[in-house]
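this one's structure only:
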Ligand code: UDP
Ligand code: MG
């Protein structure tokens with residue numbers, strides 16, 4: 001049977017590690033699926049890495065790494081993909097919100113020849129109204145901009161080794177895992193799952209971090225905001241044509257003094273457009289700057305003993 005690697009990004013999840021490991025071990029041993037668990041502690045400041053080390057000593061199928069600081073979930077996912085040795089690699093959250101019972105089903109589908117098995121949310125779990133509203137709006141905007149149903153898609157996926165290698169070869173630093181598997185193509189199948197309640201601790205997302213995540217993902221997957229600048233330019237030109245004609249007519253008919261309000265309004269509108277455009281350009285410029293610097297996506301400070309070599313972050 002082929003080895004299944006399970007990548008589990010974990011940021012301040014000390015209370016979840018042992019439980020997640022025992023639940024997964026139970027299920028995978030029962031289904032007789034050879035496995036390895038790869039916990040990536042994303043610069044956790046609580047006892048997460050110590051908890052990973054402890055389960056790794058008890059269970060040789062558990063590997064772990066600690067980042068030198070918090071690099072974000074995307075970086076954890078990619079570090080996990082890098083360390084994974086499996087023929088198939090699954091990614092799931094540490095808080096068991098992605099039901100582990102779905103894994104054997106995903107594994108079966110992979111054995112049948114599917115190269116990307118996507119977990120699709122059938123319903124969002126019991127999350128607060130505020131979270132629902134903000135996440136709802138966030139996913140709507142994102143879906144429109146990058147043409148991918150963000151509401152249902154998630155990071156819960158199982159990928160064939162081929163797909164993992166494609167993702168690892170990508171040079172970009174500002175990745176968006178969910179959409180990248182979709183972008184990569186391959187023979188894909190969807191599996192519905194119900195989002196479970198978080199087992200321990202709180203969600204790491206605040207409205208602010210969600211918005212920052214949205215912005216960075218939109219700019220990494222769409223150049224539409226840049227085209228928006230052109231659109232605003234066209235509107236300005238149309239407006240200036242109309243007003244230009246009006247001004248000329250007034251001038252020629254000899255009553256050109258009026259129009260102070262128009263001047264103020266125009267300065268405000270055009271100034272607004274220019275500022276907004278500069279902001280959009282600046283955002284892309286910042287992205288390019290980040291990519292050009294070519295810094296690693298993450299830096300690993302420690303790994304458990306069963307992880308071979310490779311201490312510092314890979315591109
Ligand atoms: N996570 C991470 N780095 C971060 C934030 C989150 O690795 O900077 C992990 C976290 O430990 C969890 C998963 O990403 O395993 C999903 O995070 P969370 O449960 O907070 O998000 P939600 O389920 O509310 O979307
Ligand atoms: Mg969660």
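Arrived safely. Here the structure is a predicted model, which is why all the values come from computation and not from measurement. Ligands and ions are numbered 1, 2, ... in the order given.

for the rest of this, base every contact and every neighbour count on C-alpha atoms.
Fine.

immediately after the helix or strand of the chain with the lowest mean pLDDT, which helix or strand?
Ranked by mean pLDDT, DSSP states H and E, the weakest helix or strand in the chain is helix 129-146, scoring a mean of 70. Next in sequence after helix 129-146, counting helices and strands by DSSP states H and E, comes strand 153-160.

which strands or helices does that following strand pack on?
strand 88-91, helix 102-111, strand 116-123, helix 177-184 (3 or more CA pairs under 8 Å, 6 or more residues apart in numbering; DSSP states H and E).

deepest of these, which one?
Compared across these, strand 88-91 shows the largest average neighbour count, a mean of 26 (mean count of other CA atoms under 10 Å).

give me every residue in the chain lying close to ligand 1.
Taking CA under 6 Å from any ligand atom as the criterion, the chain approaches ligand 1 at residues 9-11, 13, 42, 70, 72-73, 76, 93-95, 203-205.

which members of those are positioned in strands?
9, 10 (DSSP state E).

from the residues of the chain next to ligand 1, which two are the most distant?
By the measure CA to CA, 70 and 95 form the most distant pair in the residues of the chain next to ligand 1, at 17.6 Å.

the two: who's more crowded?
Using other CA atoms under 10 Å as the criterion, residue 70 and residue 95 rank with residue 95 on top: 24 against 18.

do you know how far the more buried one is from residue 13?
Distance of residue 95 to residue 13, computed by CA to CA, to the nearest Å: 8 Å.

any residues in contact with both of these two?
Common neighbours of residue 95 and residue 13 (criterion: CA atoms under 8 Å, 6 or more residues apart in numbering): residue 200.

wouldn't residue 53 be in contact with residue 304 here?
Yes. Counting by CA atoms under 8 Å, residue 304 is a contact partner of residue 53 at 6.3 Å.

give the residues shared as contacts by these two.
Common neighbours of residue 53 and residue 304 (criterion: CA under 8 Å, 6+ apart): residue 64.

nearest residue to the residue nearest the centre of the chain in space, please, no chain neighbours.
Taking CA atoms, centre = their mean, the centroid of the chain lies closest to residue 176, which sits 4.3 Å from it. Leaving aside its sequence neighbours, residue 176 sits nearest to residue 217 (CA to CA, 6 or more residues apart in numbering; 6.3 Å).

chain center to the helix or strand where that neighbour lies: distance?
Using DSSP H and E, the element containing residue 217 is helix 207-221. Between the centre of helix 207-221 and the centre of its chain there are 9 Å (CA atoms, centre = their mean, to the nearest Å).

any idea which helix or strand comes after it?
Using DSSP H and E, the helix or strand that follows helix 207-221 in sequence is helix 224-252.

so which elements touch the helix holding residue 217?
helix 129-146, helix 260-293.

of the ones you listed, which is nearest residue 221?
Residue 221 lies closest to helix 129-146 among the helices and strands packed on helix 207-221, at 6.0 Å (CA to CA).

how much space is there between residue 100 and residue 152?
Distance, residue 100 to residue 152, by CA to CA: 18 Å.

let's have the helices and strands packed on strand 153-160 in a markdown table, adding mean pLDDT and distance to residue 195.
Below are the helices and strands packed on strand 153-160 laid out as a markdown table (pLDDT from 0 to 100; distance: least, CA to CA, whole Å):
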| stretch | mean pLDDT | distance to residue 195 |
| --- | --- | --- |
| strand 88-91 | 95 | 15 |
| helix 102-111 | 92 | 11 |
| strand 116-123 | 84 | 6 |
| helix 177-184 | 85 | 16 |
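
how about CSV for the ones you listed, with distance to residue 139 added?
As requested, those are arranged in CSV below (distance: least, CA to CA, whole Å):
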stretch, distance to residue 139
strand 88-91, 20
helix 102-111, 24
strand 116-123, 13
helix 177-184, 12
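
turn the helices and strands packed on helix 207-221 into JSON lines, columns for mean neighbour count.
Formatted as JSON lines, the helices and strands packed on helix 207-221 follow (neighbours: other CA atoms under 10 Å):
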{"stretch": "helix 129-146", "mean neighbour count": "15"}
{"stretch": "helix 260-293", "mean neighbour count": "13"}
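
just so I know, which of those lies nearest residue 172?
When the helices and strands packed on helix 207-221 are compared by CA to CA, helix 260-293 sits nearest residue 172, at 6.5 Å.

helix or strand right after that closest one?
That would be, after helix 260-293 and using DSSP H and E, strand 300-303.

partner strands of that following strand, parallel or antiparallel?
Here strand 300-303 is paired, per DSSP bridges, with strand 62-67 (antiparallel).
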